[in-house]
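Q: sequence and predicted structure are below.
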Amino acid sequence: MGCASIPLVSEIREAVKERYSGLAKQLAVKPAAGASCGDEAGACCGGYAGEQLAEIGLTEAVSLGCGNPTLLAELRPGETVLDLGSGGGLDVLLSARRVSPGGHAYGVDMTDEMLELARANQASSGVENASFLKGTIEQVPLLDGSVDVVISNCVINLAEDKGAVIREAFRVLRAGGRFAVADMVEVETLPEEVKRRLDQWAGCISGTIPVDTYRGLLESAGFIAVEVEVYETRGIDGQPGKIGSAYLRARKPA
Ligand SMILES: C[S@@+](CC[C@H](N)C(=O)[O-])C[C@H]1O[C@@H](n2cnc3c(N)ncnc32)[C@H](O)[C@@H]1O
């Protein structure tokens, strides 16, 4: 770790990559051993509908998310969806089904092993209108105004510069486009020593920000109709402070 009290961006990115490349390898051989964003083991908590999962031949075990962002956005045939930090690809493949015919779903992820897993899941799902792109959520490899809906599941908290991620979401959305995200937030201030831990950053704890800060970043990027719902909270191993699972919705002005 560098001299600064919080870890450097490059250290954070490397720790996040390392964790998710390891999890991708585990999921590739044994999907039932999936973990949610902050846990070492145990399936995700998204509440995905069984019949939708059956359509793409996957189970919730492939998800490392903390919610189900596809529930937040009413996706319509013909629309273009972007998932920031697409992991094993579950939300992309579900979205692709919902925007068919005529629509397309993109996933962006920086971890090669995750992209490989997502593409393997796509091949077994038979979904054709989806693409997984290598890139960072701070610099999305898509054109301005090219997307109707940005979704994301438990990823923005992992970025050191959340403002950059939210400005990218705004840039790639068309006028009137929707932001529909599940993420972890800080509900009660976490101790400094927790904020400094790279393992807890990669585990979706240390990088969380308070709801008001998140709301402020969305509004400063230009989003309107910002709505945040924290639907579950939990403590951190007997330490002070609490984090929560949240749904965040906003719109780019028409
Ligand atoms: C907690 S997992 C969530 C994956 C997926 N959204 C899901 O719900 O299963 C975080 C994912 O985001 C990716 N990721 C984290 N930070 C990223 C960044 N700055 N740019 C691109 N991908 C990132 C990781 O590689 C990993 O696949």
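A: Okay, I see it.
Q: okay, and for the stretch 101-250 of the chain, where does confidence drop off?
A: Residue ranges of the stretch 101-250 of the chain with pLDDT under 70: none are present.
Q: which parts of it sit against the ligand?
A: Selection of the stretch 101-250 of the chain residues close to the ligand by Cβ under 6 Å from any ligand atom yields 109-111, 114, 136-138, 153-155, 158-159. Placement of C-beta: from N, CA and C, glycine included.
Q: ok, 5 Å please
A: By Cβ under 5 Å from any ligand atom, the part of the stretch 101-250 of the chain that sits against the ligand consists of 109-111, 114, 136-137, 153-155, 158-159.
Q: with these in mind, which one is nearest to Leu27?
A: Proximity of these to Leu27 (Cβ to Cβ) peaks at Met114, which lies at 8.8 Å.
Q: isn't that closest one up against Arg19?
A: No: the criterion here is Cβ atoms under 8 Å, and Met114 misses it with Arg19 at 10.7 Å.
Q: looking at strand pairing, list the partners for the most centrally placed residue in the chain.
A: Centroid-nearest residue in the chain: Asn153, 2.9 Å away (criterion: Cα atoms, centre = their mean). Assessed by DSSP bridges, Asn153 has beta-bridge partners Ala182.
Q: rewinding a little: what about Met114 and Arg19, which has more around it?
A: Met114 (27 against 20; other Cβ atoms under 10 Å).
Q: just checking, the more buried one is part of a helix?
A: Yes: checked against DSSP: H, G, I helix; E, B strand; the rest coil, Met114 lies within a helix.
Q: how much space separates Leu93 from Asp212?
A: For Leu93, the distance to Asp212 equals 34 Å [Cβ to Cβ, to the nearest Å].
Q: and those two? Which one has more around it.
A: The neighbour count for Leu93 versus Asp212, taken as other Cβ under 10 Å, is higher for Leu93 (31 against 10).
Q: Val185 touches Gly244, doesn't it?
A: Yes: between Val185 and Gly244 there is a contact under Cβ under 8 Å: 5.4 Å.
Q: shared neighbours of those two, which are they?
A: Common neighbours of Val185 and Gly244, counting by Cβ atoms under 8 Å, 6 or more residues apart in numbering, are Val230.
Q: settle it for me: which of those two has more neighbours?
A: Between Val185 and Gly244, counting by other Cβ under 10 Å, Val185 is the more crowded of the two (22 against 19).
Q: dump the residue contacts of that one.
A: By Cβ under 8 Å, 6+ apart, the neighbours of Val185 are 157, 208-211, 214, 228, 230, 243-244, 246.
Q: rewinding a little: do you know how far the residue nearest to the centre of the chain is from Gly238?
A: Distance from Asn153 to Gly238, by Cβ to Cβ: 27 Å.
Q: same check, this time on Met114
A: According to Cβ to Cβ, Met114 and Gly238 sit 32 Å apart.
Q: same question, Thr213
A: From Thr213 to Gly238 the distance is 25 Å (Cβ to Cβ).
Q: more neighbours, those two?
A: Thr213 (14 against 5).
Q: could you look up the SS state of Gln52?
A: helix.
Q: was I right about it contacting Leu94?
A: Yes: using Cβ under 8 Å, Gln52 makes contact with Leu94 at a distance of 5.8 Å.
Q: ok, and the closest non-adjacent residue to Phe170?
A: Nearest residue to Phe170, sequence neighbours excluded (Cβ to Cβ, 6 or more residues apart in numbering): Ala221, at 4.4 Å.
Q: separation between that neighbour and Ser86?
A: For Ala221, the distance to Ser86 - Cβ to Cβ - is 21 Å.
Q: and these two? Which one has more around it.
A: It is Ser86, of Ala221 and Ser86, that has more neighbours when counted by other Cβ under 10 Å, with 31 against 19.
Q: Provide the secondary structure category for the closest residue in space to the more buried one that isn't next to it in sequence.
A: Using Cβ to Cβ, 6+ apart and skipping the chain neighbours, the partner closest in space to Ser86 is Gly107 (2.6 Å). Here Gly107 is recorded as strand under three-state DSSP.
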